[in-house]
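Q: predicted structure and sequence below. I'll ask about it afterward.
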Amino acid sequence: MNNKPTIAVIGAGLGGAAAGALLQQAGYPTKVYEQAPAFSRLGAGIHLGPNVMKVMRRIGIEDKLNAMGSHPDHWFSRNGLTGEYQSRIPLGDFAHEHYGAAYITVHRGDLHELMVSTLDQENLFFDKHLVDVDDQGGKVRMTFADGTTEEADLVIGADGVNSQIREKLLGSEAPIYSGWVAHRAIISAEKLKAYDLDFEACVKWWSEDRHMMVYFVTGDEKEYYYVTGVPEPEWSHGTSFVDSSREEMREAFTGYHPTVQALIDCTETVTKWPLLERNPLPLWHDNRLVLLGDACHPMKPHMAQGAAMAIEDAAMLVRCLEEVGAHDYRNAFELYRTNRFERASRVQKVSHDNTWLRQDEDPAWVFGYDVFETPLKAPEAV
Ligand code: FAD
């Protein structure tokens, strides 16, 4: 008989899906609850560095992702106005040899669909918006917006930047609007053929206070994608994103290189997102509740490592439960926090400062990390 504790994961985003898949693989009776009625293929891309691909290997989808994604040879940073190269960070074969896995860029929707498909579909519940948790000592009782209740021994809050579980642990507090927005657009590569320009596989165009990151999101290089960081003093829309326009893009990137102007000219639809952050949290877990990913350390996306941190968290959490024994969950959760806090907080800080790979630097501390092999640090005795 399976005597492992029952676990509920709140949120089937990238962090929650990774946690659910790894827990189920390790034999924990795990149910995943997601508020959305279904997922759609939102127009966005995502980088998966070798540090995340090692987790994908463990989940069993590394080959599928390698087939699905684009494999840039370099991350280039270029001056947005002159086009001058500021850094050339080797990826491709170099990433395999030095960091132990590929560096790919993919469509976020394709990645998410694949990750969610690795979950036990009978224990994945959509349309389940958690409104309350009651950690009663012996069990946690969860209440959903549809009036239903469920119980689990342990509950993982993978419920994103406005996490209910974070609120339960630390009280109500809105995330901090960073003062920057991100525009996101997917462009048909067919349209770019009209230009006598080189559209590189992974390039970030920079100027003093803004940037545009550009890459392919499919292995066949049919879809090209850009995501920006542009200052905007206030976000008063009250929604998680709004429509933007080609005109707004032209204004934001006046004077930028002809390659960037071509991308704007080819833009059909573009959305605009507020970039939200929190300062490192003083508490990651309490009794039977524990946080991961954006619920715990939301950050500006300027290192392309936010989801990566959520996925690494998931892997470390399962590793610590296995290491300590899940019935000693308090110590397992503290071991998890001890082994994630410093790295996640450092990535939050570099993302905030937006300095990552702007000039040549050694990215090995991020890409070379292996969450399954890194030696575990013991929590400080209290
Ligand atoms: P989320 O992805 O937010 O998932 C949370 C899930 O919980 C959602 O599905 C939500 O519906 C569900 N949920 C919320 N509340 C409840 C509730 N009460 N009950 C039930 N379910 C609930 N990261 C990278 O690694 N690489 C990139 O290239 C990258 N680019 C980015 C570009 C932009 C513009 C932005 C904004 C972010 C980017 N990120 C990137 C960061 C990344 O998107 C996040 O860090 C990542 O999605 C966090 O994953 P998560 O699972 O913790 O949270």
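A: On my side now, so go ahead. Residues are numbered from 1 along each chain as shown.
Q: so Pro72 makes contact with Ala95?
A: No: look at Pro72 against Ala95 with CB atoms under 8 Å: they stay out of range, at 9.3 Å. To be clear about C-beta, it is placed using only N, CA and C from the backbone, and glycine gets the same treatment.
Q: the closest residue to His285 other than its chain neighbours and Arg41, how far apart?
A: Distance criterion CB to CB, 6 or more residues apart in numbering; nearest residue to His285, sequence neighbours excluded, is Phe333 at 3.9 Å. From Phe333 over to Arg41 the distance is 35 Å, taken as CB to CB, to the nearest Å.
Q: higher neighbour count, these two?
A: More crowded of Phe333 and Arg41, by other CB atoms under 10 Å: Phe333, with 25 against 12.
Q: got the residues of the stretch 201-350 of the chain near the ligand?
A: Contacts of the stretch 201-350 of the chain with the ligand, taken as CB under 6 Å from any ligand atom, map to Val227, Trp273, Gly293, Asp294, Ala295, Pro301, Ala304, Gln305, Gly306, Ala307, Ala308, Ala310.
Q: among the residues you listed, which two are most distant?
A: The largest separation in those, counting by CB to CB, is between Val227 and Ala295 at 22.1 Å.
Q: so how far is the lengthiest helix in the chain from its chain's centroid?
A: If you go by DSSP state H, the chain has its longest helix at helix 329-353. Here helix 329-353 shows a centroid-to-chain-centroid distance of 15 Å under the convention CA atoms, centre = their mean, to the nearest Å.
Q: equivalent analysis for stretch 354-361, please.
A: In terms of CA atoms, centre = their mean, the centre of stretch 354-361 is found 19 Å from the chain centre.
Q: so does it get close to the ligand?
A: No: if you take CB under 6 Å from any ligand atom as the test, stretch 354-361 misses the ligand, and the best it gets is 11.4 Å.
Q: what's the answer for stretch 155-163, then?
A: Yes: applying CB under 6 Å from any ligand atom, one finds stretch 155-163 in contact with the ligand at Ala158, Asp159, Gly160.
Q: who wins on neighbours among those residues?
A: Neighbour-wise, the residues of stretch 155-163 next to the ligand (other CB under 10 Å) top out at Ala158, 33 neighbours.
Q: quick one: that one and Ala314 touch, right?
A: Yes: counting by CB under 8 Å, Ala314 is a contact partner of Ala158 at 7.4 Å.
Q: hey, what's in contact with both of the two?
A: Common contacts of Ala158 and Ala314 (CB atoms under 8 Å, 6 or more residues apart in numbering): Gly15, Gly16, Ala19, Leu292, Gly293.
Q: can you check the pLDDT for the closest residue to Gln164 other than its chain neighbours?
A: Nearest residue to Gln164 in three dimensions, chain neighbours excluded: Leu130, at 5.1 Å (CB to CB, 6+ apart). Looking at Leu130, its pLDDT stands at 98.
Q: what separation do you get for Leu130 and the ligand?
A: From Leu130 across to the ligand, the span is 4 Å (CB to the nearest ligand atom, to the nearest Å).
Q: same question for Ala262.
A: Distance, Ala262 to the ligand, by CB to the nearest ligand atom: 21 Å.
Q: one step back: residue contacts, the residue nearest to His285?
A: By CB under 8 Å, 6+ apart, the residues touching Phe333 are Trp284, His285, Val290, Leu317, Cys320.
Q: what sits closest to the first one if chain neighbours are left out?
A: For Trp284, the nearest residue in space outside its immediate sequence neighbours is Arg337; the separation is 4.3 Å by CB to CB, 6+ apart.
Q: doesn't His285 make contact with that neighbour?
A: Yes: counting by CB under 8 Å, Arg337 does reach His285; the two are 6.3 Å apart.
Q: can you give me the strands in the stretch 1-150 of the chain?
A: 7-10, 30-33, 45-48, 74-79, 85-90, 104-107, 124-125, 130-135, 140-144, 149-152 (DSSP state E, counting those that start in this stretch).
Q: select, out of those, the one closest to Lys377.
A: Across the strands of the stretch 1-150 of the chain, closest to Lys377 is strand 7-10 (CB to CB), at 24.0 Å.
Q: in three-state terms, label the most centrally placed residue in the chain for me.
A: Centroid-nearest residue in the chain: Ala307, 1.3 Å away (criterion: CA atoms, centre = their mean). The three-state label given to Ala307 by DSSP: H, G, I helix; E, B strand; the rest coil is helix.
Q: list the contacts for it?
A: Leu14, Gly15, Ile46, Val52, Gly293.
Q: redo that, cut-off 7 Å
A: By CB atoms under 7 Å, 6 or more residues apart in numbering, the contact list for Ala307 reads Leu14, Ile46.
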